[in-house]
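Asks: model this:
(one chain, ligands or ions: 1)
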Amino acid sequence: MPPNPALELATVSLIGQNKIAVVVGATAGIGAAIARLLAKLGCSRVYIVGRNAARGQAMVDILKKLAPLPSATHAEFIQGDVEAVKGMRATAEAIQLTVGSGALDYLVLCQHGMPSGQLEPLTTDGLCPDLAVQCISRFALAYLLTKNGALAPGATVLSIAGTGQSVDDLDVEDLSFAQRVGTAGKRSTEFFWLQSARDSTVLDAFHQELTIRYPQYRYVHMAPGLVSSEKFNYDTFPGYTKWLVWIGMKATGQTPDEFAPTPVYILAGPNATEALGSTNRYFTHKLAPVVLGKWASDKGNRQRCWNKLCEIIGETYEEA
Ligand SMILES: NC(=O)c1ccc[n+]([C@@H]2O[C@H](COP(=O)([O-])OP(=O)(O)OC[C@H]3O[C@@H](n4cnc5c(N)ncnc54)[C@H](OP(=O)(O)O)[C@@H]3O)[C@@H](O)[C@H]2O)c1
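Replies: Numbers count the residues shown, from 1 in each chain. You can find the predicted model right below:
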């Protein structure tokens, strides 16, 4: 049976352990709640990343107040917009400059929000913004911070987004789906679900490659279920999806602070790796293991995806 994260964390203290966390997308929503819980547990340094400086600074003040001892937690805001490749790379550099090398224990990736159900307006790199922030920026930050030596020994990189879905005929040359949808700019329910499945497929594919290429670190990808983040807005869901989500939220939804113990358990829970299965990397919001979808299970697909993602962020790729 999956562990009860809140119960397991009740006896956990990170005070004095010199743990360093970076939570990207932590000025609101799930990321903010994860940062709050890490501060409450006495995580030595909690860095939060996002675009909105006012919300970021307000969060820093909250984190300082939540620390169990005044000196237990250093909190800081790092401003970064990861929609464009230039911003992804600048944010990775800013994180490494601030945190130092070989020091980052927990990298948590929560940036963005729901798929939009539309393709445009494209980013300055010519990508669908949903793909750019939800998938490409997570790859860029996880990969660059790994490759450039920012991670501490045994570090965990945890990404919060849907997992286990598959677009079986995904073409890495058309990740934004510009060719597939043709009628660029039109918002539709079908496109919303396709984007959602695409994001899961791409995220799973590169997480699996990171796991294979860098076995010294732990790359975990978990779905949050439905979480009523401050910015959650039913009107952003196209067509009937709005009503499905409304019903789902009433039936199973959690607040960000109710959900936060689950991802934080993965990071800091006592014996979490053993309890969750030492080789499991993909989880539901209830910590049940998720099996990789068909597309991401295929080595050739993953290799093509990895090469394409490297190309997009301007990195030379190496064969696995
Ligand atoms: N909530 C749910 O029910 C649910 C369900 C399934 C999946 N998810 C996924 O879980 C993750 C977190 O969801 P959430 O509900 O917490 O989202 P949210 O409330 O919309 O928060 C998103 C965070 O990402 C940051 N962000 C957005 N665009 C950014 C950019 N271009 N550069 C840097 N930071 C950016 C925002 O900060 P700034 O505005 O300050 O930049 C904010 O801190 C998302 O990836 C979402 O797709 C959520």
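Asks: drop to CA atoms for contacts and neighbour counts, all remaining ones
Replies: Fine.
Asks: would you mind measuring the gap between the ends of stretch 11-19?
Replies: Counting by CA to CA, to the nearest Å, the length from the leading to the trailing residue of stretch 11-19 is 17 Å.
Asks: the longest strand belonging to the chain near the ligand anywhere?
Replies: Of all the elements of type strand in the chain, the one with the most residues (DSSP state E) is strand 151-160. Yes - contact of strand 151-160 with the ligand (CA under 6 Å from any ligand atom) involves I160.
Asks: number the residues from 12 up from this point.
Replies: Done: numbering now begins at 12, and the last item shifts to strand 162-171.
Asks: pairing partners for that strand, with directions?
Replies: Strand 162-171 has the following sheet partners, assigned by DSSP bridges: strand 115-120 (parallel), strand 229-233 (parallel).
Asks: for that strand, buried residues please.
Replies: L162, A163, A166, T167, V168, L169, S170, I171 (16 or more other CA atoms under 10 Å).
Asks: enumerate the residues of this structure near the ligand.
Replies: Those residues of the chain that sit near the ligand, judged by CA under 6 Å from any ligand atom, are 36-42, 61-63, 91-94, 121-125, 144-145, 171-173, 235-242.
Asks: filter the residues you listed down to just the buried residues.
Replies: With neighbours counted using 16+ other CA under 10 Å, those contain these buried positions: 36-42, 61-63, 91-94, 121-123, 144-145, 171-173, 235-240.
Asks: just the ones in helices from the residues you listed, please.
Replies: Counting by DSSP state H, those place G40, I41, G42 in helices.
Asks: which residues sit in contact with the last one?
Replies: Meaning G42. Contact analysis of G42 by CA atoms under 8 Å, 6 or more residues apart in numbering lists V34, V35, G36, V119, L120, C121, Q122.
Asks: mind putting those in CSV, pLDDT included?
Replies: Compiled in CSV, those are given as follows (pLDDT from 0 to 100):
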residue, pLDDT
V34, 98
V35, 98
G36, 98
V119, 99
L120, 98
C121, 98
Q122, 98
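Asks: mind putting those in a markdown table, distance to V23 included?
Replies: Written out in a markdown table, the entries for these read as follows (distance: CA to CA, whole Å):
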| residue | distance to V23 |
| --- | --- |
| V34 | 19 |
| V35 | 23 |
| G36 | 24 |
| V119 | 19 |
| L120 | 22 |
| C121 | 23 |
| Q122 | 27 |
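Asks: for these, which one is nearest T290?
Replies: Proximity of those to T290 was ranked by CA to CA; the top entry is V119 with 19.2 Å.
Asks: so the closest one versus S170, what's the distance?
Replies: Using CA to CA, one gets 6 Å for the distance from V119 to S170.
Asks: with A279 instead?
Replies: In this structure, A279 lies at 15 Å from S170, with CA to CA as the measure.
Asks: ditto for T200
Replies: Relative to S170, and taking CA to CA, T200 is found at 25 Å.
Asks: gap between the lowest-mean-pLDDT helix or strand in the chain and the chain center?
Replies: Sorting the helices and strands of the chain by mean pLDDT, DSSP states H and E puts helix 189-192 at the bottom, at a mean of 87. In terms of CA atoms, centre = their mean, to the nearest Å, the gap separating the centre of helix 189-192 from the centre of its chain is 26 Å.
Asks: one step back: let's have the strands paired with strand 162-171 in TSV, adding mean neighbour count.
Replies: Written out in TSV, the entries for the strands paired with strand 162-171 read as follows (neighbours: other CA atoms under 10 Å):
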stretch	mean neighbour count
strand 115-120	24
strand 229-233	25
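Asks: any chance of those in a markdown table, plus distance to L52?
Replies: Output for the strands paired with strand 162-171, formatted as a markdown table (distance: least, CA to CA, whole Å):
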| stretch | distance to L52 |
| --- | --- |
| strand 115-120 | 14 |
| strand 229-233 | 21 |
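Asks: which residue ranges of the stretch 12-161 of the chain form helices?
Replies: For the stretch 12-161 of the chain, the helices defined by DSSP state H, counting those that start in this stretch cover 16-20, 40-51, 64-77, 96-110, 140-142, 148-158.
Asks: between those helices, which gets nearest to V256?
Replies: Comparison of the helices of the stretch 12-161 of the chain against V256 by CA to CA identifies helix 40-51 as nearest, at 16.9 Å.
Asks: could I get the helices of the stretch 12-161 of the chain as a markdown table with mean pLDDT and distance to V302?
Replies: Formatted as a markdown table, the entries for these read as follows, by pLDDT from 0 to 100; distance: least, CA to CA, whole Å:
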| stretch | mean pLDDT | distance to V302 |
| --- | --- | --- |
| helix 16-20 | 95 | 21 |
| helix 40-51 | 98 | 24 |
| helix 64-77 | 97 | 35 |
| helix 96-110 | 98 | 29 |
| helix 140-142 | 94 | 22 |
| helix 148-158 | 98 | 20 |
